[in-house]
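J.: Curious how this folds, go ahead:
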Amino acid sequence: MSARTRTALESLWEYIAFVMNSLVFLLIGLVVHISALAHAWRPVLLAVAAVLISRSVSSIFWFR
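T.: This is a model prediction of the structure:
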């Protein structure tokens, strides 16, 4: 397999992975009810805060 063919195949598989990932999140979005999220706002807020804090901590250690 030539280098050009390998690059084309890698690009194709990356694109397919992107499309499949997008479809998964779109399907999840169709299943989740906004009213259920509104009633569970505390766990949602806690999860968002946990993600933001963990990303900041990991970026601090990553760039050292």
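J.: which residues of the protein score low on pLDDT?
T.: Across the chain, the ranges flagged by pLDDT under 70 are 64.
J.: hmm, try it at 90
T.: Within the chain, the stretches with pLDDT under 90 are 1, 29, 32-38, 59-64.
J.: Break down it into its helices, ranges please.
T.: Secondary structure of the chain (DSSP state H): helices located at 3-31, 34-39, 41-62.
J.: Please dump these into JSON lines; it should also carry mean neighbour count for every row.
T.: Heads up, the C-betas are built off the backbone N, CA and C, glycines and all. Formatted as JSON lines, the helices of the chain follow (neighbours: other C-beta atoms under 10 Å):
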{"stretch": "helix 3-31", "mean neighbour count": "9"}
{"stretch": "helix 34-39", "mean neighbour count": "9"}
{"stretch": "helix 41-62", "mean neighbour count": "10"}
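J.: Please tell me how far L9 sits from L52.
T.: As defined by C-beta to C-beta, to the nearest Å, L9 lies at a distance of 37 Å from L52.
J.: got it, and M20?
T.: Shown here: M20 relative to L52, a distance of 27 Å by C-beta to C-beta.
J.: One more: E14?
T.: For E14 relative to L52 (C-beta to C-beta), the value is 27 Å.
J.: distance between stretch 10-18 and the chain's centre?
T.: Averaging C-alpha positions (C-alpha atoms, centre = their mean, to the nearest Å) puts stretch 10-18 16 Å from its chain's average.
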